[in-house]
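> Following is a predicted model, sequence given first.
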Amino acid sequence: MLLNVFLCSVLCGCQGNIRGDDIPHEISVAEVEVDSGHVDSAISRLRKIQKKYPRNVEILLQLANVHESAGRYEAAVQLYKNTINLEPTSRIAQVGLGKLYMKKENDRAVEIFKNLYQKYPKDFDILNDYGVSLDGSGRYSEAQAIYRRAIELDPAQVSAVVNLSLSLAFSGEFKAAINFIEPYAETSETSSRARQDYALILVGDGQRQRAMRVLENIEPSEDVIRAINEMSKFWTYFSGKSKAIYDGVHHG
C-alpha cells in the first residue's frame with residue numbers, strides 16, 4: 001500500500017497545499033492498525049486526516065485499499081471513483097478500480113482496461129490485467145492476443161506466460177497450454193504459484209498423476225491429494241460465464 005502512496009506522489013501530482021507533513025505518518029500508523037486487525041481504527045484515522053486534506057489523492061487511495069482489503073466492495077469502488085474525479089489521470093486509481101470491478105462487475109473492468117490499454121499500449125501490467133478481464137468475460141481469443149503482446153514487450157515476465165496458458169486451457173486448448181507453460185513451470189526459478197497453475201492445467205487435461213508429481217515438489221504430501229481434488233472440482237464446475245471461478249487463478 002505504501003508503494004501506491006509513493007507512486008501517487010510521483011505520478012499524480014499530489015503536492016502543494018493539499019499535502020501535509022503529517023500524512024505519511026498517519027498513513028503508516030493506519031497500515032500498522034490494518035496489519036494488526038484494527039481496520040475500523042485505521043479507517044477512522046484516515047477519515048480524520050482526509051477532513052484536514054479533502055483533496056489529497058494519496059489519502060483516498062489508502063482508504064480505498066483498506067476498504068478493499070476488508071471486503072467492503074461498494075465503499076472501495078466509490079473511493080476509487082472519488083480519486084479519479086480529483087485526479088482523472090491517476091493510473092493507480094483506474095487500475096485499482098478495474099481490478100476491483102473484476103470481482104463483481106467484470107464488463108466494467110474490461111472497459112477500464114481497454115481504455116488504459118489505448119492510452120498505454122506498451123505498459124506490461126495494463127496489458128496483463130486487460131487480458132485477465134477479457135478471460136473473465138469468456139473472450140479467450142482476445143485475451144490470448146493481449147497476453148502475446150505483453151510477452152513480446154517483456155519476455156522475462158512469467159505472469160503473462162502463465163495467464164496465456166490458463167486462457168488456452170479455458171478455451172479447451174489443453175495441449176497448447178501445456179506445451180506453452182511446461183518450459184517455464186519446470187525451471188527451478190519458477191514460483192510455486194506458477195507450478196500450481198501448471199498442475200491445474202494438467203488436471204483439466206486428465207493428467208492427474210503427472211499433476212501430482214508437479215505438486216509433490218512444492219507441497220507436503222498430505223496436501224497433494226486434497227489440492228488435486230480441488231483442481232478437479234474447478235474443472236467440473238468451470239463455466240466461461242462465471243467470473244467467480246477465476247478468482248485466485250490468474251497472475252497479476
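Structure's in. What do you need?

> okay, CA-based contacts and neighbour counts for the rest of this
Will do.

> Relative to Glu105, how far out is Glu74?
11 Å (CA to CA, to the nearest Å).

> Ignore what I typed, I meant Glu186.
Glu186 is 35 Å from Glu105, where distance means CA to CA.

> before we move on, what about Ile126?
From Ile126 across to Glu105, the span is 18 Å (CA to CA).

> For those two, indicate the residue with more neighbours.
Neighbours per residue, other CA atoms under 10 Å: of Ile126 and Glu105, the larger number sits with Ile126, 24 against 15.

> how many neighbours does the closest residue in space to Ala150 that isn't next to it in sequence have?
Nearest residue to Ala150, sequence neighbours excluded (CA to CA, 6 or more residues apart in numbering): Phe124, at 5.4 Å. With neighbours defined by other CA under 10 Å, the count for Phe124 comes to 21.

> need the contact list for Phe124.
Applying CA atoms under 8 Å, 6 or more residues apart in numbering to Phe124 gives the contacts 150, 153-154.

> swap in Met102?
Contact partners of Met102, counting by CA under 8 Å, 6+ apart, are 108-109, 133, 136, 243.

> How many residues are close by Thr236?
Neighbour count of Thr236, defined by other CA under 10 Å: 10.

> List the buried residues for the helix or strand where Gln94 lies?
Following DSSP states H and E, one finds Gln94 within helix 91-104. Within helix 91-104, the residues that count as buried by 16 or more other CA atoms under 10 Å are 91-103.

> what do you get for stretch 34-43?
Residues of stretch 34-43 classed as buried: 34, 39, 42-43 (neighbour count, 16+ other CA under 10 Å).

> What of stretch 157-165?
158-165.

> Check stretch 219-232 too.
Quick answer for stretch 219-232 (16+ other CA under 10 Å): 224, 227-228, 231-232.

> Output those in JSON lines; the columns should cover secondary structure, distance to Tyr140 and pLDDT.
Below are the buried residues of stretch 219-232 laid out as JSON lines (DSSP: H, G, I helix; E, B strand; the rest coil; distance: CA to CA, whole Å; pLDDT from 0 to 100):
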{"residue": "Val224", "secondary structure": "helix", "distance to Tyr140": "29", "pLDDT": "96"}
{"residue": "Ala227", "secondary structure": "helix", "distance to Tyr140": "26", "pLDDT": "95"}
{"residue": "Ile228", "secondary structure": "helix", "distance to Tyr140": "25", "pLDDT": "96"}
{"residue": "Met231", "secondary structure": "helix", "distance to Tyr140": "20", "pLDDT": "95"}
{"residue": "Ser232", "secondary structure": "helix", "distance to Tyr140": "21", "pLDDT": "93"}
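
> Count the neighbours of Glu58 for me.
Glu58, neighbours per other CA under 10 Å, totals 26.

> where does this structure dip in pLDDT?
Counting by pLDDT under 70, the chain has low-confidence residues at 1-20, 188, 239-252.

> ok so, going back, want to try CSV for the buried residues of stretch 219-232, with distance to Ala177 as columns?
Shown next, in CSV, are these (distance: CA to CA, whole Å):
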residue, distance to Ala177
Val224, 22
Ala227, 20
Ile228, 18
Met231, 16
Ser232, 17
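
> Any idea how far stretch 191-200 is from the middle of the chain?
The chain centre lies 16 Å from the centre of stretch 191-200; the measure is CA atoms, centre = their mean, to the nearest Å.

> Give me the buried stretch members for that stretch, please.
Going by neighbour count (16+ other CA under 10 Å), the buried part of stretch 191-200 is 192-200.

> Go through those and name the one nearest Arg213.
Nearest to Arg213 out of the buried residues of stretch 191-200 is Ala199 (CA to CA; 8.7 Å).

> and the closest one, helix, strand or coil?
Classification of Ala199 by DSSP: H, G, I helix; E, B strand; the rest coil places it in helix.

> can you pull the contacts of the nearest residue to it once chain neighbours are set aside?
Spatial nearest neighbour of Ala199, excluding adjacent residues (CA to CA, 6+ apart): Ala211 at 4.5 Å. With contact taken as CA under 8 Å, 6+ apart, Ala211 is in contact with 198-200, 202-203, 228.
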